[in-house]
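> Sequence and predicted structure below; questions after.
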Amino acid sequence: MIALSRKRVLPGFSLSLGITLLYVSLILLLPMSSLVGQLSTLSWEQYWNIITDPRHIASYKVTVGTALAASLANAVFGLLLAWVLVRYEFPGKRILDALMDLPFALPTAVAGITLATLYSQNGAIGELLAPYGIEVAYTWVGIVLAMAFTSIPFVVRTVQPVLEDLPGQIDEAALTLGASNGYAFRRVIMPHIWPALVTGTGLAFARSLGEYGAVIFIAGNMPYKTEITSLMIAVRLEEYDYAGAAAIASVVLAVSLFLLLAINIWQARFYKRLHGGRG
Amino acid sequence: MARFTPHWLNVLRGGALVATLGLTLSAPLAQAADRELLNTSYDIARELFAEINPQFVTYWKDKTGEDVEIKQSHAGSSKQARAIMQGLRADVVTFNQVTDVDVLAEKAHLIPADWQQRLPNHSSPYYSTMAFLVRKGNPKHIESWQDLAKQDVKLVFPNPKTSGNARYTYLAAWAAANDFDNGDETKIRDYMKRMLGNVAVFDTGGRGATTTFVERGIGDVLITFESEVNNIRNQYGKDDYEVVVPKTDILAEFPVTWIDEYVKRNGTEDLAKGYLNYLYSDEAQRTLANFYYRVNNDKIAAEFADRFPETKLLRVEDVFGSWQDAMATHFSSGGELDQLLRR
């Protein structure tokens, strides 16, 4: 084995691989297998009936639609944030940088309640929007907002290091060679950060699909309108129907896994093209 | 390479230090109690038991000379029941849902099936009913369950699927309509549809609904337990809200029991029984009435009579057959509630 012949910083290939596998089993595979175990108590027909229940389908639409909107908004603004944090020097930059992790540090329920307070009709921001007929709290807009809040760090934190590795001279070189600003951004900078941006957005999307705590307080939870899939799972758990909960969860899980897998495959191809097969 | 090995050992040591520190800090600062009792309770009982527990500790000390500590844990009572089934070794439960105690008998076999016969009043030391909190002057003239289905009324109560509190609201509305329409199911369903259609926000729990109604200013009526409604009014301003108790309403029992399996293992059987029996004492009943819970103790009930408007209380068992029937018909997946909410 090659791993044994080379010197590594961490000791022992077998030891580190063993620990890795044990950790993965404990943290990932064990909970997953209990999910599969719950699923195996259902017949295919029961499973199909649960996952195609009209109310659940309505909740998939709400969840996927709002998660898509939130992650696209985060792709745009997250990129901008990362750009500002890397390319400019300004007072308070460190603070802004640290703030980016806040959504991870804050319990999501706290975030949800705070957002609902701010954006409800009598809240500080909601009050300003109300005269224009814009309702945020207890509509799908509120769901998008909560999802965007909890998932913004994924985009910023994946794009930021790539931008940092990209020296400012590159765009200067492009400009001196006659590229317009737009052309330099599109053809010189974007190709470098594109994979990171897509990964970040994909992670943000997957995270938004499963978000419960932040969304539940601002969604209004009206059947067929603002019910998210995580709530449908919670409802099944309340009924002690673990198999039903697992069935709905499997749909969310499948969508997330499929998306992340697709991104990985796409990214592998992208790097192959970029680096001529060394990637 | 060798430099790195002690590193993670240090991390471990550091972790252990932090853990020890945490334990030391979380240990009670007062003298250690001889025994502890874990009371697992519903979400909105936090303040109630925070008052009752110290009274009980004094009472128990006077009676037996033993120092005990009562720990309390609060969450939705279905969530608590699930936690107990999954191994939370609670000594006693004080719930707001008979079904959540039944589950402990039927699914987990932690208590006998006849647990309701072990203490007076179906093991329910206090009871309540549903009440409406309306905004000052009752601008929408909400007096009865029928008024909730009027066209321009917006309601706030939690989702009956995730909140026991809201299950009572749903059952009370159904029972009142049943009374009003003499059991005509078409009319009852029509009423229920309109009533559920008036809901502005479905929170997942009682406290969330309170926040939506009070802090966010959403809805004309908040429906929750009479006890909760009065405490909200006292907390947020007597002048801004009014309490309405409809003439026909539902009896909401607050079942308690000790968990046989766990008290045996924890060695707390006598303490658990003593604690639950204490809830029936004059002292505890007075505290309960102070929190706007209705009590069966005649003496205390008379003392607080002016707090509790007269209302016809219907029993879930009489209207719906049994709790199991009510749950199966109304709240199961694809049941009556799901049908009523269907577009």
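Everything's here; your move.
> Please make it C-alpha for all contacts and neighbour counts, starting now.
OK.
> quick check: domain ranges of chain B?
For chain B, the domain assignment from automatic domain parsing gives the residue ranges B:35-127+B:253-307, B:130-250+B:311-341.
> out of the ones you listed, nearest to A:Leu145?
Each of the domains of chain B was checked against A:Leu145 via CA to CA, and the shortest separation belongs to domain B:130-250+B:311-341, namely 17.4 Å.
> what's the model's confidence in that closest one, averaged?
Looking at domain B:130-250+B:311-341 alone, the average pLDDT works out to 92.
> Equivalent analysis for stretch A:14-25, please.
88.
> what about B:Lys71, which helix or strand?
Under the assignment given by DSSP states H and E, the secondary-structure element containing B:Lys71 is strand B:68-74.
> quick one: strands adjacent to that strand?
strand B:35-41 (parallel) (DSSP bridges).
> Return the set of buried residues in the strand it pairs with.
Of the residues in strand B:35-41, those scored as buried under the neighbour-count criterion (16 or more other CA atoms under 10 Å in any protein chain shown) are B:Glu36, B:Leu37, B:Leu38, B:Asn39, B:Thr40, B:Ser41.
> from the chain's centre, how far out does the next helix or strand after it sit?
Downstream of strand B:35-41, the first helix or strand assigned by DSSP H and E is helix B:46-64. Taking CA atoms, centre = their mean, to the nearest Å, one finds the center of helix B:46-64 at 20 Å from the center of the full chain.
> What helices and strands are in contact with helix B:46-64?
Contact here means 3 or more CA pairs under 8 Å, 6 or more residues apart in numbering or on different chains; DSSP states H and E; on that basis helix B:46-64 packs against strand B:68-74, helix B:282-290.
> Make CSV from the ones you listed and add mean pLDDT and mean neighbour count to it.
As requested, the helices and strands packed on helix B:46-64 are arranged in CSV below (pLDDT from 0 to 100; neighbours: other CA atoms under 10 Å in any protein chain shown):
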stretch, mean pLDDT, mean neighbour count
strand B:68-74, 94, 17
helix B:282-290, 95, 19
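> so which of the ones you listed gets nearest B:Phe202?
Proximity of the helices and strands packed on helix B:46-64 to B:Phe202 was assessed by CA to CA; the nearest stretch is strand B:68-74, lying at 21.0 Å.
> tell me which element the one residue sitting closest to the centre of chain A falls in.
If you average the C-alpha coordinates of chain A and look for the closest C-alpha using CA atoms, centre = their mean, you land on A:Ala204, 1.4 Å from that point. Assigned by DSSP H and E, A:Ala204 belongs to helix A:190-210.
> try A:Trp266
Using DSSP H and E, A:Trp266 maps to helix A:242-275.
> ditto for B:Tyr127
B:Tyr127 is part of strand B:126-128 when elements are defined by DSSP H and E.
> So what touches the helix or strand just after that strand?
Read in the C-terminal direction, the helix or strand following strand B:126-128 is strand B:130-135, with elements assigned using DSSP H and E. Strand B:130-135 has contacts (CA atoms under 8 Å, 6 or more residues apart in numbering or on different chains) with B:142, B:168-169, B:172, B:220-226, B:229, B:233, B:240-246, B:249-250, B:252.
> Apply 6 Å and report the result again.
The list of residues contacting strand B:130-135 from outside it, by CA atoms under 6 Å, 6 or more residues apart in numbering or on different chains, reads B:Asp220, B:Val221, B:Leu222, B:Ile223, B:Thr224, B:Phe225, B:Glu226, B:Tyr241, B:Glu242, B:Val243, B:Val244, B:Val245.
> cool, and stretch B:162-180?
For stretch B:162-180, the surrounding residues in contact (CA under 6 Å, 6+ apart) are A:Val235, B:Trp145, B:Pro158, B:Pro160, B:Ile188, B:Thr204, B:Gly205, B:Asp249, B:Ile250.
> and those residues, which of them are in strands?
For the contacts of stretch B:162-180, membership in strands holds for B:Asp249, B:Ile250, with DSSP state E as the criterion.
> Neighbour count for the contacts of stretch B:162-180 - can I get that in TSV?
Rendered in TSV, the data for the contacts of stretch B:162-180 read as follows (neighbours: other CA atoms under 10 Å in any protein chain shown):
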residue	neighbour count
A:Val235	21
B:Trp145	25
B:Pro158	28
B:Pro160	22
B:Ile188	20
B:Thr204	24
B:Gly205	22
B:Asp249	26
B:Ile250	26
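> Inside helices: which ones of the contacts of stretch B:162-180?
Counting by DSSP state H, the part of the contacts of stretch B:162-180 found in helices is A:Val235, B:Ile188.
> between the contacts of stretch B:162-180, which is closest to B:Leu314?
If you rank the contacts of stretch B:162-180 by distance to B:Leu314 using CA to CA, B:Ile250 comes first, at 4.7 Å.
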